[in-house]
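In: Generate a structure from the sequence data that follows.
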Amino acid sequence: MAFEKLTRQQIAGLVAADIEDGAYVNLGIGIPTLVSAFLPPGRDVILHTENGIVGMGPGDAEAPLDLDLINASKEPVTLLPGASITDHVVSFAMMRGGHLDLTVLGAFQVSERGDLANWDTGAPGTIPAVGGAMDLVAGARQVYITMEHVTKEGHPKIVRECSYPLTGAGVVDRIYSDLAIIDVSPAGLWVRAMVAGLDFEILQGLTGCPLRLAADCRALTVR
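Out: Numbering: from 1, shown residues only. Model prediction:
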């Protein structure tokens, strides 16, 4: 059957729809930074960035450029009413101290146990930089991952064992890939949703570890 992969914006929209009202949320580099633009109107979500903003809003192309107001991807953002700016000490204290309900991060690999590798591939010419990711996965109450399901070469990014250095062991709660939404549990990886037209067998073939199909698995028809 024919199917289309989700775009980065569609992945971000799915994550945004699942964030609970009143949550304090950190958005990491890449796809996670797009989430702020898709939060449903009227939903009270307080966005945090490790560089010291609490109450971040989406970018505004018509607002004057202020290079002091940036997100994790170094893109311009805005401040919502009631927002505050802190130094790194206070910002990391929030991250490490369990004050964040959720962090949304990218990943190079996720294991079947929820191990996360997202800071170093060892590729020539790259500069490993973990930033605050280790602090976030250790301190946030939940960790959601946004990622392509396979690498550019077609290799699975959801695997039995991570081959890259870990950011955290057993920290991932849910994966939003361009093909599916997958929950991580002690009983294994449960597929909660798949893009319309995708067979479970094909999804399993693109995954490096066993998957379980949830009885209530739904089709994703995001447009």
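In: Give me the residue ranges of this protein where confidence is low.
Out: In the predicted model, the chain carries pLDDT under 70 at residues 1, 223.
In: Output the longest helix belonging to it.
Out: helix 8-18 (DSSP state H).
In: Could you pull out the helices in the chain for me?
Out: Counting by DSSP H, the helices of the chain are 8-18, 31-34, 88-96, 133-139, 200-205.
In: looking at those helices, which is closest to Val45?
Out: helix 8-18 (8.3 Å; C-beta to C-beta). Any C-beta I mention is one placed from the backbone N, CA and C, and that applies to glycine too.
In: okay, now Val222: neighbour count?
Out: 15 (other C-beta atoms under 10 Å).
In: Tell me how far it lies from Met194.
Out: 12 Å (C-beta to C-beta, to the nearest Å).
In: likewise Val77?
Out: 32 Å.
In: Same question for Ala72.
Out: Taking C-beta to C-beta, one finds Ala72 at 29 Å from Met194.
In: what's the answer for Arg43, then?
Out: Arg43 is 26 Å from Met194, by C-beta to C-beta.
In: How about Cys209?
Out: From Cys209 to Met194 the distance is 17 Å (C-beta to C-beta).
In: okay, the two: which has more neighbours?
Out: With neighbours defined as other C-beta under 10 Å, Cys209 and Met194 compare such that Met194 has more, 22 against 16.
In: buried residues in the longest strand seen in the chain?
Out: The longest strand of the chain (DSSP state E) is strand 211-220. Buried residues in strand 211-220, counting neighbours by 16 or more other C-beta atoms under 10 Å, are found at 211-212, 220.
In: Pick the one among those residues closest to Glu62.
Out: Nearest member of the buried residues of strand 211-220 to Glu62, counting by C-beta to C-beta, is Leu220, at 32.7 Å.
In: Name the nearest residue to Gln164, sequence neighbours excluded.
Out: One correction, residue 164 is Tyr, not Gln. Nearest-residue entry for Tyr164: Ala117, 3.8 Å, with adjacent residues in sequence omitted and distances by C-beta to C-beta, 6 or more residues apart in numbering.
In: before we move on, back to that, okay if I get the helices of the chain as TSV plus distance to Ile175 and mean neighbour count?
Out: Converted to TSV, the helices of the chain look like this (distance: least, C-beta to C-beta, whole Å; neighbours: other C-beta atoms under 10 Å):
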stretch	distance to Ile175	mean neighbour count
helix 8-18	10	19
helix 31-34	12	25
helix 88-96	21	16
helix 133-139	14	21
helix 200-205	12	13
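In: Redo those helices as CSV? Include distance to Met56.
Out: As requested, those are exported to CSV (distance: least, C-beta to C-beta, whole Å):
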stretch, distance to Met56
helix 8-18, 14
helix 31-34, 10
helix 88-96, 12
helix 133-139, 15
helix 200-205, 34
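In: And the ones you listed: which comes nearest Asp183?
Out: Of all the helices of the chain, helix 8-18 comes closest under C-beta to C-beta, at 11.2 Å.
In: Just the CA atoms of that closest one, as CSV, please.
Out: Coordinates of each C-alpha in helix 8-18 appear next as CSV, following Å, rounded to 0.1, in the frame of the first residue of the first chain:
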residue,chain,number,x,y,z
ARG,A,8,8.9,17.8,10.2
GLN,A,9,6.0,20.2,10.7
GLN,A,10,3.4,17.4,10.9
ILE,A,11,5.5,15.6,13.5
ALA,A,12,5.7,18.8,15.5
GLY,A,13,1.9,19.3,15.2
LEU,A,14,1.3,15.8,16.6
VAL,A,15,3.5,16.5,19.6
ALA,A,16,1.9,19.8,20.2
ALA,A,17,-1.6,18.3,20.3
ASP,A,18,-0.5,15.8,23.0
